[in-house]
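Undergrad: Turn this into a structure:
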Amino acid sequence: MTRMIARPYWYLRHGETDWNAEGRSQGRSDIPLNARGIAQAEAAGALLARDEAAYAPVARIVSSPLSRALRTAQIVARAMAGPGAEAVPVAVDDGLQEVCFGDQEGQPMGDWYDSWIAGEYTPKGAEPFAELRARAVAAVNRALDGEGTVLIVCHGAMFRALRSAMGLPANVRLPNATPLWVQPPADGAAVWSLDVMG
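TA: Numbers count the residues shown, from 1 in each chain. Purely as a prediction, here's the structure:
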C-alpha cells in the first residue's frame with residue numbers, strides 16, 4: 001500500500017451545494033455551489049489570507065475538476081490575493097474527483113458508510129473504499145511533490161479516505177469550506193495531526 005509523502009499541506013472541502021443542504025449523497029455528480037457555498041469559499045479565502053503565515057503560506061492550489069471544488073478553489077485564490085495582487089495558481093488533478101457512489105448518488109445520506117469503509121458493502125456501481133483510498137493517496141502525493149506548500153481543494157469522502165491513510169478514524173464528516181492544516185506524524189508516531197482553522 002502506497003504511503004503518503006510526509007509533508008504538511010492545507011486541505012479544504014468545497015463550499016455548500018443544494019445537495020449538501022438537502023443531505024443527499026453527491027459523489028461524482030457535478031452539483032454547483034449554492035449562494036451559501038460561494039460565501040463560504042470567500043470566507044475560507046479570507047481566513048487563509050489572515051492565518052496562513054502562522055503555519056505555512058499557500059504556494060499553489062490543486063483542485064478536483066468537479067465544479068463545486070474548482071469554483072471554491074478559484075474563489076479562495078482570489079480572496080487570498082487581495083486587491084491588485086496576483087492570485088495563487090490553481091491546477092486540476094482528475095485523481096482528486098469525489099468518489100463515485102453509483103446508485104446512491106442523489107439519495108439521502110444513509111448509514112452504510114462504516115460498512116463501505118470496512119469493505120463489507122459497496123453500493124451498486126460505486127467505487128470501493130480501498131480503491132478510493134489508493135487513488136486519494138496517489139493524487140495527494142502528486143500534489144505534495146512540488147515546490148512550496150499546497151492547498152488541496154477537494155471533497156468529503158475523499159478526506160475520509162485520506163483520514164484512513166493518515167491513521168485517523170475515517171468516518172468523520174468534514175464541514176464545508178473549513179480550512180485544515182494537516183501535518184505528518186512526529187518521529188515514531190503513526191497518526192497525522194489536523195488543525196481546524198476558524
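Undergrad: and stretch 71-87, average pLDDT?
TA: Stretch 71-87 carries an average pLDDT of 93.
Undergrad: got it, and stretch 23-41?
TA: Mean pLDDT, stretch 23-41: 97.
Undergrad: Just the C-alpha atoms of that stretch, please, in PDB.
TA: Only the C-alpha atoms of stretch 23-41 are listed here, as PDB (Å, rounded to 0.1, in the frame of the first residue of the first chain):
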ATOM      1  CA  GLY A  23     -28.500  15.800   3.000                       C
ATOM      2  CA  ARG A  24     -28.100  14.000  -0.300                       C
ATOM      3  CA  SER A  25     -25.000  11.900  -1.500                       C
ATOM      4  CA  GLN A  26     -23.300  13.800  -4.300                       C
ATOM      5  CA  GLY A  27     -20.400  11.600  -5.200                       C
ATOM      6  CA  ARG A  28     -19.300  12.200  -8.800                       C
ATOM      7  CA  SER A  29     -22.500  14.100  -9.700                       C
ATOM      8  CA  ASP A  30     -21.300  17.700 -10.600                       C
ATOM      9  CA  ILE A  31     -23.500  19.800  -8.400                       C
ATOM     10  CA  PRO A  32     -22.600  23.500  -8.300                       C
ATOM     11  CA  LEU A  33     -22.100  25.700  -5.300                       C
ATOM     12  CA  ASN A  34     -25.100  27.500  -4.000                       C
ATOM     13  CA  ALA A  35     -25.100  31.100  -2.700                       C
ATOM     14  CA  ARG A  36     -24.100  29.900   0.800                       C
ATOM     15  CA  GLY A  37     -21.300  27.800  -0.700                       C
ATOM     16  CA  ILE A  38     -19.900  30.900  -2.600                       C
ATOM     17  CA  ALA A  39     -20.000  32.900   0.600                       C
ATOM     18  CA  GLN A  40     -18.300  30.100   2.500                       C
ATOM     19  CA  ALA A  41     -15.500  29.900  -0.100                       C
END
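Undergrad: which outside residues touch that stretch?
TA: Residues outside stretch 23-41 that contact it (Cβ atoms under 8 Å, 6 or more residues apart in numbering): 14-21, 66-68, 71-72, 75-76, 79, 97-102, 104-110, 126, 155, 157, 176-177. Quick note: C-beta positions are derived from backbone N, CA and C, even for glycine.
Undergrad: 7 Å instead?
TA: By Cβ atoms under 7 Å, 6 or more residues apart in numbering, the surrounding residues in contact with stretch 23-41 are 14-19, 21, 66-68, 71-72, 75-76, 97-101, 104-109, 176-177.
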